[in-house]
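Visitor: here is my input; please provide its structure:
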Amino acid sequence: MTEQSDLTVSESEVLVERRNGVQLITINRPRAKNAINENVAKAVAAAVDELDADDELRAGVLAGAGGAFSAGMDLKAFLKGEQPSIPGRGLCGITQVPPRKPMIAAVEGWALAGGFELMLACDLVVAGRGARFGVPEVKRSLVAAAGGALELANRVPRALALEMLLTGDPIDAARAEAAGLVNRIVDDGGAIDAACELAARIAANGPLGVAASKRIVLESPGWGADRWERHNEITTPVLTSQDAREGATAFAEKRDPVWKGR
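Guide: Numbering: from 1, shown residues only. Next up, the predicted model:
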């Protein structure tokens, strides 16, 4: 298959659109339950690169088409030698190196295995009431190696993480919300719109402050005695930025701020 053919398939299997500063990325393989093949991985990674590089984009939403988020890695494609991971970046280019800007998962139906791990790579989760979440790898004598085993206990209580990882059994949206894995539950079919609405609320805020806040939350668990020094290295440029002054000025003048990202 030629390089142009690969690009065409990738574009059809991953849809990317803009909604007022929000980038919506949709895995578009509904007949395969949005299973992740190499083309999907490359297209999602390219979309996320665009998200981080484009100043007009402030937040992203990751979704699946046809009432499912993703059933995980496409095993048929894997057996043909395809690799859905990006070297040094992980599955779809986000599980090892998440985007700098906030990403929200809009989950309808199943988020399983690699699909669940893609969801874990997102910062926030909006789910339909019928959504189901699981890491069933142990049922095939595998391990959730794209971040499930590594990160799940950072998002839910350890006992629940072990239950999910060791039994391979899924949990429903209500239990996921109660455990803190899901931010909000909506009626089935409404997850994308609700996630885009939440992303738009983030996009309205100062981009420097948003990026710094996310960075601190992700990086600070590994900091040691110098944590305040490292914290200040991130926050000082934000607090002394043009945008910080604009935020205060706009508040005083009772108008919406105009962010410049500097």
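Visitor: got a list of contacts for the lengthiest helix in the chain?
Guide: Longest helix of the chain, by residue count under DSSP state H: helix 38-53. Outside helix 38-53, the residues that touch it by Cβ atoms under 8 Å, 6 or more residues apart in numbering are 6, 9-11, 13-14, 16, 23, 25, 27, 29, 34, 57, 60, 62, 74, 77, 82-86, 89, 91-94, 99-101, 103. The way it works is simple: take the backbone N, C-alpha and C, and place the C-beta from them, glycine included.
Visitor: apply 7 Å and report the result again.
Guide: With contacts defined as Cβ atoms under 7 Å, 6 or more residues apart in numbering, helix 38-53 is touched by 6, 9-11, 13-14, 16, 23, 25, 27, 29, 57, 60, 77, 82-86, 89, 91-94, 99-101.
Visitor: same question, stretch 115-123
Guide: For stretch 115-123, using Cβ under 7 Å, 6+ apart, the contacting residues are 34, 62, 69-72, 91-92, 94-95, 98, 102-105, 107, 111, 125, 133-135, 144, 146-148, 151-152, 155, 214.
Visitor: narrow those to those in strands?
Guide: The strands, defined by DSSP state E, take in L62, L91, M103, I104, A105, V107, A111, V125, F133, G134 from the contacts of stretch 115-123.
Visitor: surely the fourth one is in contact with R58?
Guide: No: in terms of Cβ atoms under 7 Å, I104 does not count as a neighbour of R58; the distance is 11.8 Å.
Visitor: for these two, indicate the residue with more neighbours.
Guide: Set I104 next to R58 and count neighbours by other Cβ atoms under 10 Å: I104 wins out with 28 against 25.
Visitor: quick check: pLDDT value at A250.
Guide: Listed pLDDT for A250 reads 90.
Visitor: just to be sure, it is in a strand?
Guide: No: checked against DSSP: H, G, I helix; E, B strand; the rest coil, A250 lies outside a strand; its state is helix.
Visitor: neighbours around it, how many?
Guide: Residue neighbour count, defined by other Cβ under 10 Å, stands at 14 for A250.
Visitor: so for it, what's the nearest residue that isn't a sequence neighbour?
Guide: In this structure, A250 finds its nearest non-sequential neighbour in P257, 3.7 Å apart by Cβ to Cβ, 6 or more residues apart in numbering.
Visitor: what pLDDT is listed against that neighbour?
Guide: Looking at P257, its pLDDT reads 90.
Visitor: now E233
Guide: pLDDT, E233: 92.
Visitor: pretty sure it is in a strand, no?
Guide: No: according to three-state DSSP, the state of E233 is helix, so it is not within a strand.
Visitor: how many neighbours does it have?
Guide: Around E233 there are 10 other residues, counting by other Cβ under 10 Å.
Visitor: run through the residues that contact it.
Guide: Contacts of E233 (Cβ under 7 Å, 6+ apart): none.
Visitor: I234 too?
Guide: When contacts are counted by Cβ under 7 Å, 6+ apart, I234 touches A212, R215, I216.
Visitor: how much space between the nearest residue to the second one once chain neighbours are set aside and W223?
Guide: It stands for R215. Take R215 and drop its neighbours on the chain: the residue closest to it by Cβ to Cβ, 6+ apart is I234, 5.8 Å away. I234 is 11 Å from W223, where distance means Cβ to Cβ, to the nearest Å.
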